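Asks: Next comes the sequence, and after it the predicted model I'd like to discuss.
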Amino acid sequence: MTHDVVQLTQELVKIPSVSRWSNADVTDYIERWLRANGFDEIERLEYIEDNERKCNLVAKKGKGTGGLAFLSHSDTVPGMEESWGAYDPVVEDGRLLGRGSCDMKGPLAATMIATGDVSPDDLKKPLYIVVTSDEETGLYGAKHVVATSQLLREAQPDYGVVAEPTKLIPVYAHKGYAVVQVTARGRAAHTSSGQGDSASIKLAPFIAEVAALGAIFQEDASYMNPEFDPPTNGFNIIFEDNGATNMTADTATCYVTLRAMPNARYEEIVADIVARAEAYGFDVISEMDHPVYTDMDTPLVQSACRATAIATPETVPYGTDGFHFQALMKLVVLGPGDINVAHTIGESIPISELESAVEIYKRMIVDLCY
């Protein structure tokens, strides 16, 4: 088993684990590595999604409760391998190229190396590695772990590091995500017959009404939070129906989405949109992943700042599966790599950041678990 973060990242990248496929092979590799490197309690949690076997791991090193967890995912976006050597990782100009090198097999490898080098006898509080599936397609793995992990429920980690790429800048908060699905129903008929009842036309006044609200949400300071860039909740509407140019649609659905921020009235916005849709008599479903927010003065965030020698942590506008893990522990997002190169052809991660991440994670382990 290797203790070189570059080699370990390459080994993980070589095992394709696109979200639409099973991630069992890469999970097998990670589990073997963890067992060989001192994690004597390992929980494997599986489920079936779209007829594919999906696997999550929760591993613990050390005794007792509390401690520090490192949270990653093993799935990736599609490799687009017809355009480059997605699963043939190479080092060029100080960077490691390959699908998932940045998001997030490189960061995962850094957490494995940092924790693998620790002797359990030195720990006053335990360490955990959590590796989930389906982060790229709905965070289903994180949901499954939080719902079913007996190990996490009993051990109750104090803190968690979500190892998503942040250029090694500590992130104390990120936006959430809310969606309101609104469906109107009509009657399908050929337009020449005059017998149709267009669901799309029924839905149009509601869309116009909510679009006008969206402009207010983007301009009114009471719906903003200056801790974030951009400081707004984000706002989008998409629309779909099953009609045609010569047929009225029997159903039409719109999705109103927000990038929800704390202290920015996002729950009021969702409630307002739901109430307006129900007033029209439409079918309404709403879902919400609350933003992640950890006070900057907490020991976890301060430890991350000391470990990176960065005085002031930041916020980011995107989300992580911290949406679900925040119910169990306080979180900081901190990992090597640039989110802007994730998911691209030629995805890569700087070797220097991979190596620095190992040392940063080790400093946090000493700080919080020794």
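Replies: Looks like it arrived, so ask away. Residues are numbered from 1 along each chain as shown.
Asks: Please count neighbours and contacts with C-alpha atoms only from this point.
Replies: OK.
Asks: Which single helix of this structure contains the most residues?
Replies: Counting by DSSP state H, the longest helix found in the chain is helix 199-219.
Asks: Buried ones in it, by neighbour count?
Replies: 199-200, 202-203, 206-207, 210-211, 214, 217-218 (16 or more other C-alpha atoms under 10 Å).
Asks: Stretch 87-98 too?
Replies: Buried-residue list, stretch 87-98, by 16+ other C-alpha under 10 Å: 87, 89, 95-98.
Asks: With stretch 341-359 instead?
Replies: Per 16+ other C-alpha under 10 Å, stretch 341-359 contains these buried residues: 341-351, 353-359.
Asks: again, but for stretch 222-233
Replies: Neighbour-count burial for stretch 222-233 flags 223-225, 228, 231-233 (criterion: 16+ other C-alpha under 10 Å).
Asks: okay, how far is it across it, tip to tip?
Replies: Separation of the first and last residues of stretch 222-233 by C-alpha to C-alpha, to the nearest Å is 11 Å.
Asks: Likewise for stretch 256-274?
Replies: Where stretch 256-274 begins and where it ends lie 10 Å apart, using C-alpha to C-alpha.
Asks: and what of stretch 310-326?
Replies: Stretch 310-326 has its terminal residues 23 Å apart, counting by C-alpha to C-alpha.
Asks: do the same with stretch 16-29
Replies: 12 Å.
Asks: mean confidence score for it?
Replies: Mean per-residue pLDDT for stretch 16-29: 98.
Asks: Equivalent analysis for stretch 32-52, please.
Replies: For stretch 32-52, mean pLDDT rounds to 96.
Asks: With stretch 65-78 instead?
Replies: Averaging pLDDT along stretch 65-78 gives 98.
Asks: Repeat that for stretch 130-149.
Replies: Averaged across stretch 130-149, pLDDT comes to 96.
Asks: doesn't I351 make contact with R95?
Replies: Yes. Taking C-alpha atoms under 8 Å as the contact criterion, R95 and I351 are neighbours in contact, 5.3 Å apart.
Asks: H290 and T320, how far apart?
Replies: On the measure of C-alpha to C-alpha, H290 and T320 end up 11 Å apart.
Asks: Tell me the one of the buried residues of stretch 87-98 nearest E268?
Replies: When the buried residues of stretch 87-98 are compared for distance to E268 (C-alpha to C-alpha), G98 wins out at 42.4 Å.
Asks: which residues sit in contact with that closest one?
Replies: Under the criterion of C-alpha atoms under 8 Å, 6 or more residues apart in numbering, the contact list for G98 reads 13, 85-90, 346-348.
Asks: I'd like those laid out as TSV, including secondary structure, distance to V284 and pLDDT.
Replies: Formatted as TSV, the contacts of G98 follow (DSSP: H, G, I helix; E, B strand; the rest coil; distance: C-alpha to C-alpha, whole Å; pLDDT from 0 to 100):
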residue	secondary structure	distance to V284	pLDDT
V13	helix	41	98
G85	coil	44	97
A86	coil	41	98
Y87	coil	42	98
D88	coil	46	97
P89	coil	46	97
V90	strand	49	96
G346	coil	41	97
E347	coil	39	98
S348	strand	41	98
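Asks: so where do the strands sit in the stretch 251-370 of the chain?
Replies: With DSSP state E, counting those that start in this stretch as the definition, the stretch 251-370 of the chain shows strands at residue ranges 251-258, 283-289, 292-293, 314-316, 330-333, 348-350.
Asks: so what secondary structure elements neighbour the third one?
Replies: Using 3 or more C-alpha pairs under 8 Å, 6 or more residues apart in numbering; DSSP states H and E as the contact definition, the elements that strand 292-293 packs against are strand 171-174.
Asks: any idea of the mean pLDDT in the strand it packs on?
Replies: If you average the pLDDT values across strand 171-174, you get 98.
Asks: chain center to it: distance?
Replies: Taking the mean C-alpha point of strand 171-174 and that of its whole chain, the gap between them comes to 12 Å (C-alpha atoms, centre = their mean, to the nearest Å).
Asks: Just list what the next helix or strand after it packs against, helices and strands only.
Replies: Counting by DSSP states H and E, the element after strand 171-174 in chain order, helix or strand, is strand 177-185. When contacts are defined as 3+ C-alpha pairs under 8 Å, 6+ apart, strand 177-185 sits against helix 199-219, strand 251-258, helix 266-279, strand 283-289.
Asks: List the buried residues in the third one.
Replies: Spelled out, it's helix 266-279. Buried residues in helix 266-279, counted by 16+ other C-alpha under 10 Å: 266, 269-270, 273-274, 277.
Asks: Next: stretch 128-143.
Replies: Neighbour-count burial for stretch 128-143 [16+ other C-alpha under 10 Å]: 128-136, 139-143.
Asks: Restricted to strands, list the residues you listed.
Replies: In this view, the buried residues of stretch 128-143 that belong to strands under DSSP state E are 128-132.
Asks: Pipe the residues you listed into CSV and attach distance to Q156 per row.
Replies: Supplementary listing: these in CSV, determined by distance: C-alpha to C-alpha, whole Å:
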residue, distance to Q156
Y128, 11
I129, 13
V130, 13
V131, 17
T132, 18
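Asks: How about the contacts made by the one residue sitting closest to the centre of the chain?
Replies: Centroid check for the chain by C-alpha atoms, centre = their mean gives T320 as the closest residue, at 2.4 Å. When contacts are counted by C-alpha under 8 Å, 6+ apart, T320 touches 135, 162, 164.
Asks: hmm, try it at 10 Å
Replies: Residues near T320 by C-alpha atoms under 10 Å, 6 or more residues apart in numbering: 72-73, 135-136, 139, 142, 162-164, 174-176, 291-292, 333.
Asks: Lovely, talk soon.
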